[in-house]
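Student: okay, predicted coordinates and the sequence, questions at the end:
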Amino acid sequence: MGNKEKRRVILVAQCLLNPYCRVHILGQNFPFSRELSEYLMRKKIGIIQYACPETTAMGLMRNPQGRQQYNNIFFRDHCRKLLEVPLLMVREFLENRYRLVAFIGLENSPTCGIHWGKHKVNRYRTESPEKVTELRPGEPVLMGIMAEMLSAEFNRAGISVPFLEFPANSTAESPERRKFWTELQRIVEPYLFEEDGKPASAGKEAAAGD
């Protein structure tokens, strides 16, 4: 792999590196944070993160909420301000011939999730963070508020990168977690896979190196 190919950065939601930012009653995942950061450092990928919009708007002792509650003009303005510096950093890296490899959000996050499906509601029709069904064919796939705004900013800037979603509600050995790591490896280490998606031969992997 050439030196230019090694000049890479990735943008991640803050709770993936600082689990304390997650809603306190949902728990934290320090083993994953360590695994992710060590993997990215081992592959010489610089990490850009934005401040958690929920924490900076509502503090650490907030209650879980759905996307509906965050979908308002005040919270969107808050997200816009938080993205200003990270987006400038992305642009600066790109202008200096680094490559942005991906954005990583968080499963079922009303702000940083990539696929927000159907959720339970109470008698006041207020959305909860508890998912109950998958989207039906033809239904729009909503992102979390922050991820949606980030996607729009990337589109305006002509930046095209994969959006990945860490399956926070799945166990370490689950198919969902294995799928996440496979998707990330395809982006970071494409030489490990053949064109048909199957793992590459040992000889090809050894020739490619880190």
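Tutor: Thanks, I have it. Residues are numbered from 1 along each chain as shown.
Student: use CA for all of it now, contacts and neighbours both
Tutor: Will do.
Student: lowest confidence element among the helices and strands of this structure?
Tutor: helix 202-208 (a mean of 48; mean pLDDT, DSSP states H and E).
Student: show me what the helix or strand hosting Arg186 is packed up against.
Tutor: Taking DSSP states H and E as the definition, one finds Arg186 inside helix 175-188. Helix 175-188 makes packing contacts with strand 99-106, strand 163-166 when contacts are defined by 3 or more Cα pairs under 8 Å, 6 or more residues apart in numbering; DSSP states H and E.
Student: please tabulate those in a markdown table, including the columns distance to Met89 and mean neighbour count.
Tutor: Converted to a markdown table, the helices and strands packed on helix 175-188 look like this (distance: least, Cα to Cα, whole Å; neighbours: other Cα atoms under 10 Å):
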| stretch | distance to Met89 | mean neighbour count |
| --- | --- | --- |
| strand 99-106 | 11 | 22 |
| strand 163-166 | 18 | 20 |
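Student: for Ala13, find the nearest of these.
Tutor: strand 99-106 (5.4 Å; Cα to Cα).
Student: who touches the closest one?
Tutor: If you take Cα atoms under 8 Å, 6 or more residues apart in numbering as the criterion, strand 99-106 is touched by 5, 7-13, 16, 90, 93-94, 112-114, 147, 161-168, 187-188.
Student: ok, now stretch 45-63?
Tutor: Contacts for stretch 45-63 (Cα under 8 Å, 6+ apart): 6-15, 21-25, 40, 75, 78-79, 82-83, 86, 89-90, 111, 146.
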